[in-house]
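>>> return a 3D structure for these sequence lines:
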Amino acid sequence: MPSPPPHAIPYARSRNCADRRPGTVCVGAASTGVGVTVEAVVSHPLERRDMHGTRKIKVALMALLTAFTGLVVVAPAPAQAAPPWLYILNEKSGKVLQGRTTAKGVGVLQKTYIGSQPQQWLLVDVDGDNIWDEGDIVGFRNAGTSSQYGLAISGGRIDNGAPAILWDYHMNNAEQQWVLHYVLRNTVPPLVTLKNVGSGRCLAIGSGSTADNAAAIQWNCNGGLEQMWNIPFS
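Take a look at the predicted model:
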């Protein structure tokens, strides 16, 4: 058997996974066509969570299988993860956005966080760019109803003080589109402002209130804490 190339991952030849060495993990097998099965066997470094290290291990595995079998190894498509729900937390009040009720057209307000569905939002990438980029255009859909109403400015208004509401979600409606601008990016969660595409005004809590049930509105973007939002995953 040829020696493995320098820095290659450990490998083994055997007829089945039961023959692998202790402390290793069998990750796949392919027939050589000459009565021997080649198995890619790796040790515990595969368990590292480093993205680049994991990628190198996967590439090395495919190279080993190809070298021993003469077959082209096609990596399986990654599983699609369920979209994460998040909440929208005001920097000044420390409270989160939710609908006043779950009905369409009701105002959006801030409440103390309890983790309920009306406080959970799905971030939608509207413009197709890499989500979380500076200037990315996004939408927000609320988990409080089966219809997942969108975060919108009532009637597409452009004036200061117009309320934020829940409405049937339409990705292409400007009053439901929000531009992400970073205040602090390299933090967990990031701190952003949300500028409405239709009006050019920022999502805010009226009068900078810190009380439960204070209404979410739009206002001229001015850098106030009541216009800054943390967006952690729920």
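>>> now N230: how far from I158?
According to CB to CB, to the nearest Å, N230 and I158 sit 27 Å apart. (Each C-beta comes from the backbone N, C-alpha and C, glycine too.)
>>> Three-state assignment for D133, please.
coil (DSSP: H, G, I helix; E, B strand; the rest coil).
>>> where's the nearest residue to it once chain neighbours are set aside, which helix or strand?
Spatial nearest neighbour of D133, chain neighbours left out: L180 (7.5 Å); criterion: CB to CB, 6 or more residues apart in numbering. Using DSSP states H and E, L180 sits within strand 178-184.
>>> between the following helix or strand past that strand and strand 178-184, how many degrees?
The first helix or strand that comes after strand 178-184 along the chain, using DSSP H and E, is strand 191-196. Interaxial angle, strand 191-196 versus strand 178-184 (axes from the mean of the first three to the mean of the last three CA atoms, to 10 degrees): 160 degrees.
>>> check what contacts strand 191-196 and list those residues.
Contact with strand 191-196 is made by 91, 153, 174-175, 177-184, 201-203, 218, 221, 227-231, as judged by CB atoms under 8 Å, 6 or more residues apart in numbering.
>>> just to revisit the earlier point, strand partners (parallel or antiparallel) of the strand holding L180?
strand 137-142 (antiparallel), strand 191-196 (antiparallel) (DSSP bridges).
>>> in a markdown table, list these along with mean pLDDT and distance to T101.
A markdown table is the format used below for these (pLDDT from 0 to 100; distance: least, CB to CB, whole Å):
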| stretch | mean pLDDT | distance to T101 |
| --- | --- | --- |
| strand 137-142 | 96 | 11 |
| strand 191-196 | 97 | 22 |
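>>> reformat those as TSV; add distance to D127 and mean neighbour count.
Shown next, in TSV, are the strands paired with strand 178-184 (distance: least, CB to CB, whole Å; neighbours: other CB atoms under 10 Å):
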stretch	distance to D127	mean neighbour count
strand 137-142	4	23
strand 191-196	14	22
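>>> okay if I get those strands as a markdown table plus distance to A103?
Output for the strands paired with strand 178-184, formatted as a markdown table (distance: least, CB to CB, whole Å):
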| stretch | distance to A103 |
| --- | --- |
| strand 137-142 | 11 |
| strand 191-196 | 22 |
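>>> what distance do you get for the closest residue to L184 other than its chain neighbours to N142?
Closest residue to L184 apart from its sequence neighbours, by CB to CB, 6+ apart: L191 at 4.1 Å. Shown here: L191 relative to N142, a distance of 22 Å by CB to CB.
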